[in-house]
Structures are given as C-alpha cells and as structure tokens.
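Asks: Pasting the sequence and the predicted model now:
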Amino acid sequence: MKLKQITACLVAATFFGSNPAFSQTTKVSGDVVKIGVLTDLSSIYSDLAGPGAVIAAKMAIADFSKDGTVIGKKIELVSADHQNKADIAANKAREWYDKDGVDAIVELVSTNVALAVMEVAEQKNKITLVSGAGSVTITNEKCTPNNVHWAYDTYALSNGTGKAVVKQGKKNWYFITADYAFGAALEKDATAVVTANGGKVLGTSKHPFPNSDFSSYLLKAQASGADVVALANAGQDTINSVKQASEFGINKKQTVVPLLMFISDVHSLGLNAAQGMYLTEGFYWDKDDKTRAFSKRFILQHKRMPTMVQAGVYSSVLAYLNAVKKAGTDDTQAVMKVLKSANIDDGLFKGKIRADGKFEHDMYLLEVKKPSESTSPWDYYNVRAVIPAAEATQPLSLSKCKLVTNK
Amino acid sequence: MFELLGITPQGLVAQLLVGLINGSFYAILSLGLAIIFGLLNIINFSHGAQYTMGAFVAWIGLTQVGQWFGFPEFSINYWFALILVPLVMAGFGLILERTMLKRLYHLDHLYGLLLTFGLALIIEGMFRHWYGISGESYPAPELLQGVIPLESIGIILPKYRLWVVVASLVVCFSTWYVIERTKLGSYLRAGTENPKLLQAFGINVPLMISLAYAYGVGLAGFAGVLAAPIFQVNPLMGSNLIIVVFAVVVIGGMGSIMGSILTGLALGLIEGLTKVFYPEASGVVIFVIMAIVLLIRPAGLFGREK
C-alpha cells in the first residue's frame, strides 16, 4: 500500500514539476491575468481610441489563446471611461490595481491622463502600456520603469511630416497651435525640426482649446505668406481647421500640414477637404496583407477601420500576454524584463522596446488621396515614405529619462 | 499705424468681416433665446442642442434619408433643408413645449433651466451614440462654393460666409420687425406683460406662447443648417457655442430682441479683433465684457430693470 502511495506521489511530483503550466501557477497574482483598458469612451477622443480600443484588446486576447488563458490562468479584460480627466483616471487606476487585481493598464489617450496613471503604476509596481497619448515627455522627463509607450509620439510626428515637408522646399512655416501643453510641445518639437533642416518659422497663433472658428488664424497665416500652415492641435480642432482652410482656399496656395491626425479624422472630414495633406502615422490598415487581414476583422466588429491608437492597443496587449507566457508569471519586473528584451513583430508593428520604455518602430509618411484616386471605402492614403525607427525616435543620447541617464 | 499693430488695413477689414460672420451666428441664436425668455420666462438651455440637431437633420436629409427608404438617389439638398429643417425643429419645439415646458411656467426659472439642460444632454448623447464624436462633413451648395478673390485689396472671402451674413441678418431683422412693428408682435409683447388681461380680450395666449417657443427652436434649427457647411456637423457643436451665446444674451439684456441682435454682431466683431491682436484672450474676452456690463448695467445694455 505504502509503496503504491509513494510511487503515486513521485509520479505526481514529476508530472507537475515538469509541466510549466502547473509549476508556475503560484506566480500569477490573484490567479488571473487582468488587463484594464482605460480610455475615453464618450468624449472628444472616443472615435480614435474609445470603444474601438476595447474591441482591439479583446481581439488580441482571442488571438493569443482560443480558451482565453495564459500559463493556465484565465485572462480577464476590464474597461472604463477616464473622460480625459487625470484625476478620474488616477482614481480608477488605483482602484483597479489595489482592489480589482488589474496587472496592466493599456491605451490611456491624452498626455495628462497617461502621466497620472503612470505615476500610480510606478507606486504600485504595476504596468502601463500607453498607445493613445502622444507627448515625448512620457518616455523622456517622466519615464517610469513600468511603462511602454507604444504607438507614436510628438518626436515622430514632427520628424516624419516636418522633415519631409521642409525637404520638399517648403521652408517658411506658420503655426496654428492649441493653447495647452500638448499643442505647445508639438509646436516646439516641430519648430526644432524645421529650423534644423534650414526652415524658418514666420509666426504662430495660439487658439483656445477647444475652438470652432479658425478663420481669423487662417487669415493671419495666409497674410504671413508662409509656405506651410502647420496645425499643432488635435481632434475636432484639427478637423475644423482643415475644413475651414479648404473653405478659404488656403490649401491651394499654401500647404496645410496637420501634425497630428488620425484616419478617423480624415474619414469624418472627407477626402475633398483633406486631399493632398501629408501626415505621419505608425499604422495604416492598407499597408500590407497582415494589416489588411487584421483590419478587415476589426471593421466587422467596429464598423470603422482601426486607427493607429487602436492598432497599438492590439499590439500592446498581445505583446504583454506573450511576455507573461515567456516569463511564466505576471510579476511586473519579470514581465517588463521580457518585454524590453524581446523583438516584437505582430504584423502591425515591428520593433524593439528601449530602456526608456519607447517602443521603437517604423513610422509612415502618408499623403491623403484625391477623391478620384480613392477606389473603395477607407482607401485614404498613399504611403509616401517609411520613416525608419531610428529616425522616428528621439536618440537615447538626448534622453532625459532617469532610466537612461542613471546608467 | 497698422504696421505697428502687425496687420495691414486690408487684413483688418478681412478680419472684421470674419468677425461679423461669427457675430451673425451669435445674433441669430441669441435672438431665439431672447424670444423664448421674453415670452415664456424659460432659460432655454437646450438651444445649443437644438442648433446641433438642426445641423444633423440637414445632414441626415442630404445623405441618409434616401437610403433609409431605399432610394439612394433621393436627398434633401441645402436649399430645401434651409426651409424644411426649421419647420421640423419648430414641430419638435412645439411637442417639447406642450408635453414638458408647459408644466413649469408657474415654477421658478431654475426648473425650466434644469429641464432644458437635461434635454440638451440627452439630445447630445443620442447623436454621439449614433454618429460618433468626430462628426460628419456637410458640403456647401455648389452655387456658394469657392471664394470671392478681391486680391487687389488683399481679401479672400468664401462666398458661403457672405451668404451666412446676409441670410441671418434678413431673418434677424424681419423677426425684429414682426415683434416690434406689427399687430401680432404687439400681442406677443402684451402677452409677456400681462397675459391675463390679454386673455380677457379673447386672445389665445397659451397657443401664442407655444408658437413663440416653436419659432425660437426653429431659429436654432435654421442656424444649425447655416453652420453645417462651415463646421463639422458634430454632437458637441452646440455646447461649444451655447455658453458664449448666453453671455451675449446677458450682455444685450435678457429678453431684449434688438439687444440680442446688435450685441451678437458687436461681440462677433470684438472677438474677431481679439483673435488678431491677442489670440490667447479670444476665448475669454466675451466673458470679461459680460462681467463689466453686469457691474455697470445689471439688466444688460438694452435690458430694462424690473
């Protein structure tokens, strides 16, 4: 009898010991891997992030494993609306990390929200994967060891579009800038690129945020005689500026350059007003077979093509789950170590995560098609250039991130 | 001297014209508010949402209605929308007044304000849910596309914007004429002063009040159609504007018809000039003026103290 029991125990021990799924069960906090999509579900950024970001995260989980598990533990997804307010976002993050056992928070559109949640995550030793917010500050002055900045940043936008346009010989710039932190940061980054490439800034108008009538600023930009009217604003402000620029015929003599614009904005503007503009994105649904395959599945659920932010959420959730699998635990430091050491290539984004938490990948310089060139719904861009990862990302030598400067 | 200010005389004229265009939106919206407040004593906080709704109804008429009924070729163009949408909106206003607002007349202003504010949130929320936040594009009618290039004096003006000024001035001043100079108008004015007395003369005062509300809402709808080709038709367009329009009404004097028209135009101009000389202040200049006016003349520039 005894011998039998001992053998059984030994067999069991060998079995459990050799099977990683069982040996590591204790290493998953709360016995579940929980991801929170904290996004703008109802307000000004809800079209470019919002409900579409939640769908993207769900798709990533479904693509990762059919039964919704990682290392034998269930994957759970929660989502909430941060209403673009840093205090609401920080409170939700605290609640999620402390009470609900959330391991990683993804998306986080708008810089003030992202920075607030990153701070909470650092205190609680949890993970943030930012796709929606754009300021370079996120991986520069305010970087944290627990964060990855996924889709794009203001450095990439300015270097992509800014450089390309100056190189076309359009050297004199006029800025129409939203009068808040993001606008100022974008204007500053773009100004640096313009002057570094031999261009000149002739003037700038700061407009209240949000604003609906841009005619006065556009008239000033027109009177300045600049080659380029650059828009350092976002969302509805950009849409209205572009629309009114075309109304005033400004886009015929001067080049209107929106420094940040998503495909959802182009969609709602229509090609008539948007045609011919250059913009920089990290993702375009019609780039290759892989992006098309993903996007066609996405549009079935969301009725709209994915934006760069939504694609970023998919990519970040997938990479996170892969890292958990490889690390065999959801422990923050172990997962971050795997994330920062692995090469990421999921068909949407391809690159590496640097020490400062910036996911370095290629960006694309896109030109909006003329209505006559567009042959199907959402056929909006010609890819004019690929901006290599090294050029689209601030060099580590210039970094002010504590993780880089301490080394 | 103009060079000192960083702008040419032509530039200044262009900017003033642009200011006038915004002013005409302020005028037409604040006129609707003034009529509703003057006759119903209701602070119609859903005015912005009704303006949004006007723009959306026009957009739906242009792009969706045909598809709904299986005739993709059919659409209601801009010129029809300009007449049809205000009528639809007036009908909507009539229903609101009959079913909800009517019950509040004997209560404090505050109840009307809260109800209409709630309505505004509901209307906005519905459009946001159906059509998303970035909005939809509404092209200007072909006749009014393009610009008037007065390049010899350095001014470029979109034809459509000039049309907006003309259309809204015509509507504003004919409304003023009807209210201040006709018999119908005198009944309306009497109705606000002493409804009981007027009723004793055999005039159907409740009907008159309902129609006045409907007309106010119709004006908001009309402004919505006018605005659709300039701005993106989006759920927030009304709430962006309504606070400014309320400031205009307060500056002009609550309930004063001429006051709302003239202050609307004047504040559009002042705001336009601020955008030229100190753009950062353009978002607050109207409220600064409001504060000053309230200190000096609490009833507003054209208002009467009660």
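Replies: Structure's in. What do you need? Numbering: from 1, shown residues only, chains lettered A, B, ... in the order given.
Asks: contacts and neighbour counts: CA atoms only from here.
Replies: Fine.
Asks: Got the phi and psi for A:Pro334?
Replies: Wrong residue type there; residue A:334 is Ala, not Pro. Note on A:Ala334: backbone dihedrals following degrees, to the nearest 10 are phi -60, psi -40.
Asks: Next up, the contacts around it.
Replies: A:Ala334 makes contact with A:Ala327, according to Cα atoms under 8 Å, 6 or more residues apart in numbering or on different chains.
Asks: again with A:Val257
Replies: For A:Val257, the set of contacting residues under the criterion of Cα under 8 Å, 6+ apart consists of A:Thr161, A:Val228, A:Val229, A:Ala230, A:Leu231, A:Met277, A:Tyr278, A:Leu279.
Asks: Need those in a markdown table (columns: distance to A:Asp286).
Replies: Below are those laid out as a markdown table (distance: Cα to Cα, whole Å):
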| residue | distance to A:Asp286 |
| --- | --- |
| A:Thr161 | 19 |
| A:Val228 | 28 |
| A:Val229 | 28 |
| A:Ala230 | 26 |
| A:Leu231 | 25 |
| A:Met277 | 18 |
| A:Tyr278 | 17 |
| A:Leu279 | 15 |
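Asks: Show me how far the helix or strand harbouring A:Glu122 is from its chain's centre.
Replies: If you go by DSSP states H and E, A:Glu122 is part of helix A:111-124. Once both centres are worked out by Cα atoms, centre = their mean, to the nearest Å, helix A:111-124 turns out to sit 16 Å from its chain's centre.
Asks: got a list of contacts for the very next helix or strand once past it?
Replies: Moving toward the C-terminus from helix A:111-124, the first helix or strand encountered (DSSP H and E) is strand A:127-130. Surrounding strand A:127-130, the residues in contact under the criterion Cα under 8 Å, 6+ apart are A:103-109, A:114, A:117-118, A:121, A:146-151, A:316, A:332.
Asks: Show me the residues you listed that map onto strands.
Replies: When DSSP state E is applied, these are split such that A:Ala104, A:Ile105, A:Val106, A:Glu107, A:Asn147, A:Val148, A:His149 fall in strands.
Asks: Just the pLDDT for the fifth one.
Replies: If I follow you right, that is A:Asn147. On pLDDT, A:Asn147 comes in at 97.
Asks: list the contacts for it?
Replies: Listed by Cα under 8 Å, 6+ apart, the contact set of A:Asn147 reads A:Met118, A:Ile127, A:Thr128, A:Leu129, A:Val130, A:Gly357.
Asks: let's see it at 6 Å
Replies: If you count contacts by Cα atoms under 6 Å, 6 or more residues apart in numbering or on different chains, A:Asn147 has them with A:Ile127, A:Thr128, A:Leu129, A:Gly357.
Asks: do the same with the fourth one
Replies: Residues in contact with A:Glu107, defined by Cα under 6 Å, 6+ apart, are A:Val130, A:Ser131, A:Gly132, A:Val313.
Asks: Around chain B, which positions in the stretch 201-350 of chain A sit nearby?
Replies: By the rule Cα under 6 Å from any Cα of the partner chain, the part of the stretch 201-350 of chain A lying against chain B is A:Lys206, A:His207, A:Pro208, A:Phe248, A:Ser268, A:Leu269.
Asks: Could you verify that the fifth one is part of a helix?
Replies: Yes: secondary structure of A:Ser268, determined by DSSP: H, G, I helix; E, B strand; the rest coil: located in a helix.
Asks: my guess is it meets B:Glu136, correct?
Replies: Yes: between A:Ser268 and B:Glu136 there is a contact at 5.1 Å, judged by Cα atoms under 6 Å.
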